[in-house]
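Novice: Kindly generate the corresponding structure for this input.
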Amino acid sequence: MSHPVLGVDHSYLLVNDLDDSAERYRRLGFTLSPRGLHSPQKGSANYTIIFQDDYLELLGLVAETELNEPQRKTLTTYGQGLQAIANRTASADAAKPALAELGIRTGDISAFSRPLPLPGGGEGIASFRTLGFDPSQVPLGHFFLCQHETRDMVWRPELQDHANGAVGLGGITGISDNPRKTAETYAGFYAAGRVEEIDGGFRVETGQNSAPLFFFEPAAIAGLYPGLDIAGTPANGFAVLRIRVKDLQKTEDLLSVQGIAFIRTSAGGIAVSPADASGAVVEFL
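Specialist: I've put the predicted structure just below:
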């Protein structure tokens, strides 16, 4: 049976105040979907930021439920920030036995939906099936598979035009005391997973039209983003979200107009602090 993990579908920030975070990301130049409310048992709501092949999600808790107790504990213990990588799969149901054959343990399959207001009026339903990996096998954050049953309801064309010129996820960066080992672990989660050593760390290829993962030691990451408070990112999650943009000067101009401070990075991009992006360094490239 073939490997069922086909690349990065989306990533989410778990945040303390969903509407405050939504306003921060609007100021960064992103177009946000209408506020979505998940199934009652999940007790969560979200905004999505949709790109060409992937997306970013802002996730907040609106009610205490049994299912979201781990997320409430995460916020209390580690604070808000980039907490999850959701991955593409053709079928969550078929993925579970396929991953078991590869020695990768998973939890139960979850099916849920959320209503989605439509631009012309009315409402549609976005439906998903997900499969989480055993947390003991995942070095950082929450790692799971996401099967879209109503893809066209998520990738709405009117949501893909961003004032900052964003077109896709450019990478997700984690901090590790042993970045090589961490990178090798994540590479094993992907059908096309491959580790490449780069200056100061390691890069994991995750698939076609899929954001790579990066892993660095604490000292190295501080050197890559001088002046930014890396301690403002969650120690159990990911530190940096890279965003690909059409025109970096346009992005820079927008941030300047909004009065949002940024630094220039060694990768040739610009980055804003976790304080301006709800617990994540956001780097535009």
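Novice: Kindly indicate whether residue 185 is helix, strand or coil.
Specialist: Classification of residue 185 using DSSP: H, G, I helix; E, B strand; the rest coil returns helix.
Novice: same question for the host helix or strand of residue 180, mean pLDDT?
Specialist: According to DSSP states H and E, residue 180 maps onto helix 179-187. Across helix 179-187, the average pLDDT comes to 98.
Novice: any idea of the mean pLDDT for the following helix or strand past that helix?
Specialist: Note on helix 179-187: by DSSP H and E, the next helix or strand toward the C-terminus is strand 194-198. For strand 194-198, mean pLDDT rounds to 98.
Novice: Can you name the residues in contact with the helix holding residue 180?
Specialist: Residues from elsewhere that reach helix 179-187, judged by CB atoms under 8 Å, 6 or more residues apart in numbering: 137, 139-140, 174, 176, 193-195, 197, 201-205, 213, 215-217, 220. Where C-beta positions appear, they are placed from N, C-alpha and C, glycine not excepted.
Novice: Among the residues you listed, which lie within helices?
Specialist: Among those, DSSP state H puts residue 220 in helices.
Novice: Show me which of the contacts of helix 179-187 are buried.
Specialist: Buried members of those, counted by 16 or more other CB atoms under 10 Å: 139-140, 174, 176, 193, 195, 201-205, 213, 215-217.
Novice: Now, the residues you listed that are in strands?
Specialist: When these are checked against strands (DSSP state E), the matches are 174, 195, 201, 202, 203, 204, 205, 213, 215, 216.
Novice: quick revisit: now, which of the buried ones among the contacts of helix 179-187 sits nearest residue 91?
Specialist: Each of those was scored against residue 91 by CB to CB, and residue 193 proved nearest at 19.5 Å.
Novice: My guess is the closest one contacts residue 202. True?
Specialist: No - using CB atoms under 8 Å, residue 193 is not in contact with residue 202; the gap is 11.9 Å.
Novice: what about the strands in the stretch 1-150 of the chain?
Specialist: Assigned by DSSP state E, counting those that start in this stretch, the strands in the stretch 1-150 of the chain fall at 8-14, 36-37, 44-50, 55-61, 81-88, 106-117, 123-133, 142-148.
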